[in-house]
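> When you get a sec, could you give me coordinates for this:
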Amino acid sequence: MSFSAVQAALSGLRSCQEDIGTSMDMVIDVAMDLVESNETEHSSSLGTLQAKILEYAELDREINCFSNIVEQFNSEVSQQSPEALFSLSDRVKEQFDAKMASLSDAELHNHQKVVAFKEGVGSALQPENGEAEDNQDEDIALTQRYVNFTCPLTQGDMENPMKNKVCNHYYDEGAILAMIKARHKQHKKFRCPVVGCENINVTQADLVPDLLLKRRIQKRNASQV
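As a prediction, this is how the structure comes out:
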């Protein structure tokens with residue numbers, strides 16, 4: 001075993017996480033297509049899709065937990081003699097098992113993409129639940145809710161809109177994450193860029209993808225081609 005081998009293994013795990021994220025996005029897209037198809041019997045299929053996305057969330061959590069533990073121990077061992085590497089595997093396994101035992105399945109429902117799945121499907125189902133009397137009322141309600149498709153940071157149309165659960169404002173994913181990262185590097189809080197908003201500490205944990213808004217933007221763009 002060597003430090004380079006450990007780093008290569010971690011890189012492989014991170015690649016797996018990217019694949020898991022892509023798979024979760026595919027599950028979400030299928031769920032949204034199913035809801036928008038207006039099929040009367042889709043509750044069973046939606047339940048299956050939710051179970052699948054929770055499975056992916058669990059895998060993502062396990063990889064994240066394992067990688068963090070390995071990186072922590074790897075940093076400690078790198079300051080010691082090479083012989084210390086031989087005990088790394090047992091130490092990682094022990095702490096990983098302890099950490100996973102302390103986690104609950106209920107926490108998986110807080111995974112960002114699981115939250116996006118539930119909110120996206122829930123929002124798309126609202127007309128079926130009688131919250132909009134007809135398509136015209138729905139369009140009016142959505143127009144009032146979203147105002148426009150413009151990101152307050154880029155002043156351009158959003159591609160991947162993110163909703164702030166604290167103040168209910170929207171930003172494009174790339175722009176908001178870049179700004180949060182930049183401010184954190186300066187050890188400063190990031191204030192919501194929407195004029196008049198009193199939210200002075202926007203964090204990545206506050207953000208969730210808005211799938212319904214994203215699909216409306218995509219449909220609007222497609223109709224303009």
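
> Would you confirm that Ser123 contacts Pro209?
No - Ser123 lies out of contact with Pro209 (CB atoms under 8 Å); the separation is 11.7 Å. All C-beta spots, glycine's among them, are computed from the backbone N, C-alpha and C.

> Helix or strand with the lowest mean pLDDT in the chain?
Least confident helix or strand, the chain: helix 135-146 with a mean of 47, by mean pLDDT, DSSP states H and E.

> after that one comes which helix or strand?
Under the assignment DSSP states H and E, the closest C-terminal helix or strand after helix 135-146 is strand 161-164.

> Now that following strand: average pLDDT?
For strand 161-164, the mean per-residue pLDDT is 93.

> Name the residues of the helix or strand hosting Arg220 that come out as buried.
Taking DSSP H and E as the criterion, Arg220 maps to helix 211-224. Within helix 211-224, the residues that count as buried by 16 or more other CB atoms under 10 Å are Leu211, Leu212, Leu213, Lys214, Arg215, Arg216, Ile217.

> List just the nearest of these to Ala31.
Leu211 (8.7 Å; CB to CB).

> and that closest one, what is it in contact with?
By CB atoms under 8 Å, 6 or more residues apart in numbering, the residues touching Leu211 are Ile28, Met32, Ala116, Phe117, Glu119, Gly120, Ser123, Ala124.

> tell me how far the helix or strand hosting the second one is from the chain's mean position?
Element membership of Met32, judged by DSSP H and E, is helix 3-36. With CA atoms, centre = their mean, to the nearest Å as the basis, the distance from the averaged C-alpha position of helix 3-36 to the chain average is 11 Å.

> in that helix, what's buried?
Val6, Leu10, Ile20, Ser23, Met24, Asp25, Val27, Ile28, Ala31, Met32, Leu34, Val35.

> Repeat that for stretch 37-56.
Buried, per 16+ other CB under 10 Å, within stretch 37-56: His42, Leu46, Leu49, Gln50, Lys52, Ile53, Leu54, Tyr56.

> follow-up on the earlier one: may I have the helix holding Arg220 as PDB, with CA atoms only?
C-alpha atoms of helix 211-224 as PDB (Å, rounded to 0.1, in the frame of the first residue of the first chain):
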ATOM      1  CA  LEU A 211     -37.200  20.900 -11.100                       C
ATOM      2  CA  LEU A 212     -40.500  22.400 -12.100                       C
ATOM      3  CA  LEU A 213     -39.000  25.800 -12.800                       C
ATOM      4  CA  LYS A 214     -36.100  24.200 -14.700                       C
ATOM      5  CA  ARG A 215     -38.500  22.300 -16.900                       C
ATOM      6  CA  ARG A 216     -40.600  25.400 -17.600                       C
ATOM      7  CA  ILE A 217     -37.400  27.200 -18.600                       C
ATOM      8  CA  GLN A 218     -36.500  24.300 -20.900                       C
ATOM      9  CA  LYS A 219     -39.900  24.300 -22.500                       C
ATOM     10  CA  ARG A 220     -39.900  28.100 -23.000                       C
ATOM     11  CA  ASN A 221     -36.400  27.900 -24.600                       C
ATOM     12  CA  ALA A 222     -37.500  25.000 -26.900                       C
ATOM     13  CA  SER A 223     -40.600  26.900 -28.100                       C
ATOM     14  CA  GLN A 224     -38.400  29.900 -29.100                       C
END
